[in-house]
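Chemist: Okay, sequence plus prediction incoming.
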Amino acid sequence: MNLHTDIPSFERLYKTVFPIVYKVAYNIIGESNAAEDVCQEAFIKYYNLSSPLPTIDDAKYWMIRVVKNISFNYCKRESRKNKIFDKIKNDPVYSDSTGEKELLLGETKETVQNMLKQLPEKLKAPLVLREFAGLNYKEIAKVLGISESNVKVRIFRARETLQKLISPGDVYVP
């Protein structure tokens with residue numbers, strides 16, 4: 001089955017893989033429109049491959065790797081453009097007001113996204129694939145081309161680093 005010239009197969013691949021790669025892109029970039037653009041770019045790259053991958057699983061892992069790389073490149077470009085706009089958040093004021101809770105939750109999400117951006121790529125990639133794409137250690141190892149034990153170590157170190165970066169006043173947990 002030729003996945004990229006057979007339109008129904010390509011559509012099935014898109015429907016199957018898009019939600020996963022979108023989560024990966026979104027949680028690396030932290031921006032919905034940019035994440036969609038990155039995913040579309042990856043699907044175009046797949047469609048333009050000279051010889052398509054034989055199975056949907058092979059295509060899925062290839063797409064995750066491509067989206068991860070494009071997302072990190074996007075972040076690097078944006079970082080260079082926006083170094084001036086790095087923000088330091090003040091401790092949020094807690095309240096029982098629903099509007100304030102929503103605002104605090106939004107700020108917490110933004111804080112976590114900013115902290116994720118500070119992680120080195122080799123720590124961020126496995127954590128994002130685990131927590132946001134829902135991949136297991138074996139799948140992450142396959143996507144990143146490393147051993148399962150190395151995946152576990154990197155995820156542990158990523159969580160440990162995030163814990164050090166995020167102080168209790170930076171986040172709101174209801």
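Modeler: Received it, and whenever you're ready, just let me know what you need.
Chemist: can I see the domain layout of this protein?
Modeler: 1-83, 100-174 (automatic domain parsing).
Chemist: and the ones you listed, which one is worst for confidence?
Modeler: Ranked by mean pLDDT, the domains of the chain end with domain 100-174 at the bottom, a mean of 81.
Chemist: Can I get the domains of the chain in a markdown table including mean neighbour count?
Modeler: Every C-beta, even on glycine, is put in place using the N, C-alpha and C of the backbone. As requested, the domains of the chain are arranged in a markdown table below (neighbours: other CB atoms under 10 Å):
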| stretch | mean neighbour count |
| --- | --- |
| domain 1-83 | 17 |
| domain 100-174 | 16 |
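Chemist: ranges for the helices of the protein?
Modeler: Remark: helices assigned in the chain by DSSP state H are 7-29, 32-47, 56-81, 98-118, 121-131, 137-144, 148-165.
Chemist: Off-centre distance for the third one?
Modeler: To tie it back to what came earlier, the one meant is helix 56-81. With CA atoms, centre = their mean, to the nearest Å as the basis, helix 56-81 stands 8 Å off its chain's centre.
Chemist: Summarise which helices and strands that helix is packed against.
Modeler: On a contact count with 3 or more CB pairs under 8 Å, 6 or more residues apart in numbering; DSSP states H and E, helix 56-81 meets helix 7-29, helix 32-47, helix 121-131, helix 137-144.
Chemist: hmm, try it at 6 Å
Modeler: The contact analysis (3 or more CB pairs under 6 Å, 6 or more residues apart in numbering; DSSP states H and E) places helix 56-81 against helix 7-29, helix 32-47, helix 137-144.
Chemist: same question, the second one
Modeler: The helices and strands touching helix 32-47, judged by 3+ CB pairs under 6 Å, 6+ apart, are helix 7-29, helix 56-81.
Chemist: For the ones you listed, give me JSON lines that also has distance to Thr111.
Modeler: Converted to JSON lines, the helices and strands packed on helix 32-47 look like this (distance: least, CB to CB, whole Å):
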{"stretch": "helix 7-29", "distance to Thr111": "14"}
{"stretch": "helix 56-81", "distance to Thr111": "16"}
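Chemist: what about the ones you listed, which gets the closest to Pro120?
Modeler: helix 56-81 (10.5 Å; CB to CB).
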